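K.L.:
My questions concern the predicted model and sequence given below.
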Amino acid sequence: MKLWSKLAGGLGMLVVACAASAADPVKMAWVYVGPPGDGGWTFAHDQGRKAVEKKLGAKVQTSFVENVPEGADAERVIRDLAAKGNTIVFTTSFGYMEQTLKVAKSFPKTEFYHATGFKSAPNVTIYNSRMYEPAYLAGIIAGHMSKKGMLGFVASFPIPEVLRNINVFTMGARTVNPKITTKVVWISSWFDPSKERQAAETLIGQGADVLLQNTDSSAVLQTAQDKGVYAFGWDSDMTAYAPKAHLASAIEVWGGYYTSVAEAALSGKPLKKTVWGGIKEGMNDLVSVNPIIPEAARKAVEEKKAAIKAGKFNVFTGPIKGQDGSIKVPAGTTLSDKEIDSINWYAEGVEGQLPGK
Amino acid sequence: MESLTPLVASAIAAAVPLVLAALGELVVERSGVLNLGLEGMMLLGALAAFAAVAHGGGLGLAVAAGIAAGALAALVFGVLTVTLQASQVATGLALTILGSGVSAFLGRQYVGFPAAASFKDLPVPGLSAIPLVGPLFSLNLLGYVAAVLLVGVTWLLFHTRAGLIVRTVGESPAVARSLGLRVSRVRYLAVLFGGAMAGLAGCYYAVAQFKMWQEGLTSGNGWIALALVVFATWRPLRVAVGALLFGGITALGLYLQTVGVHVSTFALASLPYLATILVLVFISSNQQALRRNSPTSLGKPFFDGD
């Protein structure tokens, strides 16, 4: 169980600690919410960690602790990593925010980097990826591929990050078919293959024929393949799980960012700027587009991707209507990053009620 | 009505492994032994089944591996509780923790891949197209096996001499002993059967339902199955009804969301346990009902000198 992984992680760190001191490499540690083998979120972060090792070799020393629950355990693990002499600690889940801030106070000389949060401190830097960009591109493909005009979204928690992905997925699809709608099912978990599967089954049963998920496993994609509909990979390239159902994968690419953090630390000037990168910065992408997707859809995706890269297109440029048809973003205006990060509404075409409203 | 059919299908898919595991546990408890290690045995069975197909074995081998892993874990439990008379509750809990840990540890190499082979749905032509009940005729092989076992266990337990022996041992091992029955042997067989069924349930998760391996794949369903046995007051057919209810609760919550009603998944997740507590309160409020419905010697060790 969790205990095992912690034990293994602890042992790993012990080994690392003993081997240190030769050339004083920068010691970097990662805290993962799932196993690196989840094929999704944690896998992507671990790929990033490996990229740092590959690029910088002996100049860095990396370690990680996996399967750390977002609670009191997280604080203990983060504290432990800082106490073991790691000068850089990445905490890679939204739910580690408060714990990271708390530990950072006791370790002012350690640099903490928290993924996807919104609270920073002198030694806590935030980084995130604009996953809504590839999610929008996925929406365009979904608009082309859906025959019934109904999309399905398996969602985790109603936080802005997830809400905006639901919105842009629908908005992308509506550029192709203005009547398309999206049904959403919330499962209150980031990683629960059994619930993810049941949610996907429910959506497919309701008539959704292209699915996207903001959860971490490949269960939705596999369910889509079993039921003969389409879905996307999320966080990592998931083609191998369900080659027939897989339309494309919206992936996170953390290697470049992690390497830049390490390099800055090596040069003695730690990176302290909040980074919120997207397709343009190479922090995410839509990859492994299935050959069955019609030419028109690929072309549309390529065009939008090029425009995003060139800085000519922002997904959150108006006019954008809310679920009830009211104008949320007027024509000609673009939401600021702050506004994007506090989205608490459904866009037009998303069905159902926001949880807790 | 038509749109409810997928809901039923989802409930049935979730109910099948609950039926398998709970049927096994029911027989164990009917023999007077309480094995709380269900979750651990299921996880070991799931991992063994997944590993079997991952290393090129067929589905037959997966089933055999799942059953063997569950039974092996149950054997450990049997040695400790039946032969060595250790506390059944403590040993069962230890088995759950051990099974979760060992399966997570050994399973690391299998995380991140789909199952190399899996059970496909086998719809019965005609019957599977009927709205609402159609999904009952569109199970995979293990689903049909569960149905057969359900009938088989009911028949064995209540209409054969072997079943009478198991129940006698569970009611009063002392009486059973004075009749010349070998209490330990009966309990061993029951415990092994329970382990095999739990392993089969795990196998269902790994190669029929989720078709993947991950730490804690059974996500607490072992506990649901345990609750189910009590909920069903130790009767096999009620286990099936309860499994459909319990399996359907999550599916129902998700379904309600798609029609615009939001129910907290946390609240739903606690419903099976609440229902079980209600049943417990109900049957234990009355000594007669309690005696009629639960194996009298459940959880009590018995030394028969074998």
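P.N.:
Yes, it's here. Keep in mind the model is a prediction, meaning the values are calculated, not measured.
K.L.:
give me the residue from the stretch 1-150 of chain B nearest chain A.
P.N.:
Using C-beta to the nearest C-beta, residue B:6 is the residue of the stretch 1-150 of chain B that sits closest to chain A, at 2.3 Å. No exception for glycine: its C-beta is placed from N, CA and C like everyone else's.
K.L.:
mind checking the SS state of that residue?
P.N.:
For residue B:6, the secondary structure call by DSSP: H, G, I helix; E, B strand; the rest coil comes out as helix.
K.L.:
how many neighbours does it have?
P.N.:
Counted by other C-beta atoms under 10 Å in any protein chain shown, the residues lying close to residue B:6 total 20.
K.L.:
ditto for residue B:266
P.N.:
Count around residue B:266 with other C-beta under 10 Å applied: 10.
K.L.:
Disregarding flanking residues, what is the spatial nearest neighbour of it?
P.N.:
residue A:188 (6.2 Å; C-beta to C-beta, 6 or more residues apart in numbering or on different chains).
K.L.:
does the one you found sit in a helix, a strand or a coil?
P.N.:
When the structure is split into helix, strand and coil by three-state DSSP, residue A:188 lands in coil.
K.L.:
Report how many residues lie close to residue B:22.
P.N.:
With neighbours defined by other C-beta under 10 Å, the count for residue B:22 comes to 36.
K.L.:
Any idea how far the helix or strand hosting it is from the middle of the chain?
P.N.:
Taking DSSP states H and E as the criterion, residue B:22 maps to helix B:5-30. Taking the mean C-alpha point of helix B:5-30 and that of its whole chain, the gap between them comes to 7 Å (C-alpha atoms, centre = their mean, to the nearest Å).
K.L.:
Please look at the residue of the stretch 1-150 of chain B closest to chain A and residue A:205 and confirm they touch.
P.N.:
Yes. With contact defined as C-beta atoms under 8 Å, residue B:6 counts as touching residue A:205 (2.3 Å).
K.L.:
show me what contacts the residue of chain A found nearest chain B?
P.N.:
In chain A, no residue comes nearer to chain B than residue A:205, which is 2.3 Å away by C-beta to the nearest C-beta. Residue A:205 makes contacts with B:3, B:5, B:6, B:7, B:9, B:10, B:255, as judged by C-beta atoms under 8 Å, 6 or more residues apart in numbering or on different chains.
K.L.:
Was I right to think the fourth one contacts residue B:256?
P.N.:
No. Under the criterion of C-beta under 8 Å, residue B:7 is not in contact with residue B:256, lying 9.6 Å apart.
K.L.:
So for these two, which residue has more residues nearby?
P.N.:
Relative neighbour count places residue B:7 above the other of residue B:7 and residue B:256, with 23 against 16, counting by other C-beta under 10 Å.
K.L.:
Contacts only, for that one.
P.N.:
When contacts are counted by C-beta under 8 Å, 6+ apart, residue B:7 is found next to A:202, A:205, B:248, B:251, B:252, B:255.
K.L.:
and the helix or strand containing the last one, how far out from the chain's middle?
P.N.:
Residue B:255 belongs to helix B:236-258 when elements are defined using DSSP H and E. With C-alpha atoms, centre = their mean as the basis, helix B:236-258 stands 15 Å off its chain's centre.
K.L.:
Show me what it is packed against.
P.N.:
strand A:181-186, helix A:193-205, helix B:5-30, helix B:141-159, helix B:221-231, helix B:265-284 (3 or more C-beta pairs under 8 Å, 6 or more residues apart in numbering or on different chains; DSSP states H and E).
K.L.:
of the ones you listed, which approaches residue B:50 most closely?
P.N.:
The minimum distance between residue B:50 and the helices and strands packed on helix B:236-258 falls on helix A:193-205, with 12.7 Å, by C-beta to C-beta.
K.L.:
What angle do helix B:265-284 and that closest one make with each other?
P.N.:
110 degrees (axes from the mean of the first three to the mean of the last three C-alpha atoms, to 10 degrees).
K.L.:
For residue A:185, give the beta-bridge partners.
P.N.:
Per DSSP bridges, residues listed as beta-bridge partners of residue A:185: residue A:154.
K.L.:
Surely residue A:354 and residue A:346 touch.
P.N.:
Yes. At 6.1 Å, residue A:354 counts as touching residue A:346 under the criterion of C-beta under 8 Å.
K.L.:
which residues are in contact with both of these two?
P.N.:
Counting by C-beta under 8 Å, 6+ apart, the residues touching both residue A:354 and residue A:346 are residue A:163.
K.L.:
more neighbours, these two?
P.N.:
Neighbour comparison, residue A:354 and residue A:346: the larger count goes to residue A:346, with 22 against 16 (by other C-beta under 10 Å).
K.L.:
Excluding chain neighbours, what is closest to that one?
P.N.:
Once its chain neighbours are removed from consideration, residue A:346 has its nearest residue in residue A:323; the separation is 4.0 Å (C-beta to C-beta, 6+ apart).
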